[in-house]
Structure formats: C-alpha cells, structure tokens
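Novice: What would the 3D arrangement of this be:
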Amino acid sequence: MKLQELAEKLGCRLEGDANGVVTGVAGIDLAEPGQITFLANRRYAPLLRTTRATAVLVEDGVTIERGAGLAPLAALRTRNPYLAFARTLELFYEAPKYAAGIHPSAVIAPTANIGFGAHIGPYCFVEDGVEIGPRAVLHSFVNVYRGAKIGEDFFAHAHAVVREGCRIGDRVILQNGVIIGGDGLGFAKNADGSWHKMVQTGPAVLEDDVEVQANACVDRATVGETRIGRGTKIDDLVLVGHASRVGANTMLCGQVGLAGSTKIGEGCILAGQVGTAGHLTVGDGTVITAQSGVPNDVPAHALYSGYPAVENRQWLKMMAAMSRLPELQKRVQELEAEVAGLKKS
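Specialist: Predicted structure coming up:
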C-alpha cells in the first residue's frame, strides 16, 4: 500500500515520499524496509535513528533523526500513534473466516436456537434452551449450558464455557479457556466447622463489546447477578468474584482479583495483580497501579498504589522514606550510643 493511501485511510498527516510502499507492520526494533512501525512511548525515540522501517506512526513534535547510511524515514503524524497502529494492523492482517454450519461432531440440543450464519465447530456442546445470535462462532470444544442467551457476532475460542442462564451481548469475544458463570466462592460454615455450599442462583451478564482473555473467570452470583459493563476488557487469569459489577470501558489487567460484591466504576484501569477486598467501591475513571491491594473504597478519578492502597503521591513519599530506613536506623543507633555515653559521664 502506498503511504499516501495509508495516510488517508488513517487520517494522518504524511511527511515523506507519498509513493513509498509498505507491505506489513512490525515493532520499531525489528522492522525491515517495506514495513511501517510506530512510536507511542517517547522513551523509545532513540530507536528512530536506527530502525530500518520505511515509515513510522508518530506524534507531532517528535523529531526524526537518522543514522549515517540509512534511508529516510517517512512519518505519519497522528495524535494517537498506538490507536493508528491498531488500525494499521487491521489493514494488513485478515483474521480467519469461518463458514456457516454445524460440525458433525457438535452436539446441539433440539430446543437450542442458533442464529443465521453461525459456525459451530468440532465437539461443541449446546444445551437446551440456549439462544445464540447470528454470525456467532464457537470454535471447538465450546460448552454453552442450558438457558444461556448470547447475542450477535459472538466469538468463543476453544474450551470456552458459558454456564446456565448467563446472558451475553453483541460482539463479545471469549478467548481460550474462559469460564463465564462458574460458581462463586459461596460457603456457610456449619457448627462442626465444615462448609455448606450455597447455591449460586444468579447469572453472569456481559454487555456488548466485552472481551475476556485466556483462562479468566467471571463468577455467577449467589443472588442477583454479576455484571460486566459495555466495552470492558478483561485480561488473562483475571477473577471477577460473585455479584461484582464492573462499569463500561474498564480494563482489568492480568491476574487482577475482585472479591465478591466489588463495584468498579466506568473507565477504570486496574493494572496487573491488583486485588480488592469484597463489598467495596472504586469510583469512575480511577487507576490502580500494579500489585496494589485495595481494602477500602477508592474515590473517582484517583491514582492509587501500594498496600494498603493509598493516593499515588503519598505512596511514592512512603517508598522514598522506606529507602532511607537503613540510614535512619544507623543514625538512631549512633544517637542512642551518644545518649548512653552522656548518662555514664
């Protein structure tokens, strides 16, 4: 594709040879001539000097300097290089297509309703009363329990599971090994110390445009429902506990764990390995940094870190003080020795 055509498709401002041609996309350190790359984090700007790419997606204000002997590097200027990079990938990579039909090894209950154009792959199992919308794809070994309701353009990769009564909106993607609506951790203690299992009666609900990535679990509720808001993205190995609610366009990164009845607002980001106690609320637009533990409510539009999670600036001050503890301990010991000497004299 010529750079002029690509710039027009992406809405970018081109600096360089309009007739230059790119045939693929690559990272800035691995790109070869004929490929386009991107710079979203300015810490990698020195790589612009050495990359072999033909063109780069880059913000205004970033100066491009080239090393001796290297070809010029065309720039496609945009406010959001990372988003432009994502759209560029779509232009050069065509996802596999799946023909409509039901594989002979799939087991479909006679009362299930499968929408027009759906693809049901090998060894899938769809139970009674299930509704699956048009153009859905169940890749292979996908199980949909009885009474589940699934919208249009659903895609479930191999070994995904949707449990009984769960409701899933349009354009939802479940990556490999996802379990939607598994039992939550609901047990009551008997007098003898043993555990009595509580029936988990409430479904998990995923609204439109949600994606849940590999081996993540969204538990069903003891009562009520567990709900994931429109457009939310859930990373690998995340656990959303029973009766939790996650707002629209929130991102839960790898190994996040939400205890039961947690409420996460809209537009939040919980970075890797964040854990929350149950029955708390995180306000809209809040970011919680990696490996933080959240025992209490967090306000909207905040940046929290650490354990117990506190406002990020406070956490940075605490960590700075922590780094000086050996020096402070040594100083206290010296002062104690001086005081002891004065007492003896």
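Novice: So, low pLDDT: which residues of the stretch 1-150 of the chain?
Specialist: Along the stretch 1-150 of the chain, segments meeting pLDDT under 70 are nowhere present.
Novice: ok, the residue nearest to residue 177 when sequence neighbours are not counted to residue 329 distance?
Specialist: Nearest residue to residue 177 in three dimensions, chain neighbours excluded: residue 215, at 4.2 Å (Cβ to Cβ, 6 or more residues apart in numbering). Backbone N, C-alpha and C define where each C-beta goes, glycine included. Taking Cβ to Cβ, to the nearest Å as the criterion, residue 215 is separated from residue 329 by 44 Å.
Novice: could you measure residue 255 against residue 315, distance?
Specialist: On the measure of Cβ to Cβ, residue 255 and residue 315 end up 20 Å apart.
Novice: which secondary structure elements does the top helix by length along the chain contact?
Specialist: When every helix of the chain is counted residue by residue (DSSP state H), the longest turns out to be helix 325-344. If you count contacts as 3 or more Cβ pairs under 8 Å, 6 or more residues apart in numbering; DSSP states H and E, helix 325-344 packs onto no helix or strand.
Novice: Format the CA atom coordinates belonging to that helix as PDB.
Specialist: The C-alpha atoms that make up helix 325-344 are tabulated as PDB, following Å, rounded to 0.1, in the frame of the first residue of the first chain:
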ATOM      1  CA  LEU A 325      15.400   3.400  56.700                       C
ATOM      2  CA  PRO A 326      18.800   1.800  56.900                       C
ATOM      3  CA  GLU A 327      20.400   5.200  57.100                       C
ATOM      4  CA  LEU A 328      17.900   6.400  59.700                       C
ATOM      5  CA  GLN A 329      18.400   3.200  61.700                       C
ATOM      6  CA  LYS A 330      22.100   3.800  61.800                       C
ATOM      7  CA  ARG A 331      21.600   7.400  62.900                       C
ATOM      8  CA  VAL A 332      19.300   6.400  65.700                       C
ATOM      9  CA  GLN A 333      21.800   3.800  66.900                       C
ATOM     10  CA  GLU A 334      24.500   6.500  66.900                       C
ATOM     11  CA  LEU A 335      22.300   8.900  68.900                       C
ATOM     12  CA  GLU A 336      21.400   6.200  71.400                       C
ATOM     13  CA  ALA A 337      25.100   5.500  71.900                       C
ATOM     14  CA  GLU A 338      25.800   9.200  72.400                       C
ATOM     15  CA  VAL A 339      23.000   9.500  74.900                       C
ATOM     16  CA  ALA A 340      24.200   6.400  76.800                       C
ATOM     17  CA  GLY A 341      27.700   7.900  76.900                       C
ATOM     18  CA  LEU A 342      26.400  11.100  78.300                       C
ATOM     19  CA  LYS A 343      24.500   9.200  81.000                       C
ATOM     20  CA  LYS A 344      27.600   7.300  82.100                       C
END
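Novice: What mean pLDDT does it get?
Specialist: Helix 325-344 carries an average pLDDT of 87.
Novice: Pull out the buried positions in that helix.
Specialist: Buried residues in helix 325-344, counting neighbours by 16 or more other Cβ atoms under 10 Å, are absent.
Novice: Equivalent analysis for stretch 218-234, please.
Specialist: Residues of stretch 218-234 classed as buried under the neighbour-count rule (16+ other Cβ under 10 Å) are 218-222, 225-229, 231-234.
Novice: now do stretch 97-105
Specialist: By neighbour count, and taking 16+ other Cβ under 10 Å as the criterion, the buried residues in stretch 97-105 are 98, 102.
Novice: Helices of the stretch 201-345 of the chain, residue ranges please.
Specialist: Under the criterion DSSP state H, counting those that start in this stretch, helices of the stretch 201-345 of the chain are mapped to 312-323, 325-344.
Novice: And the residue nearest to residue 177, its phi and psi?
Specialist: Per-residue torsions, residue 215: phi 60, psi 30 (degrees, to the nearest 10).
Novice: Then residue 154?
Specialist: Note on residue 154: its backbone torsions stand at phi -70, psi 140 [degrees, to the nearest 10].
Novice: what about it, distance to residue 250?
Specialist: For residue 154, the distance to residue 250 (Cβ to Cβ) stands at 21 Å.
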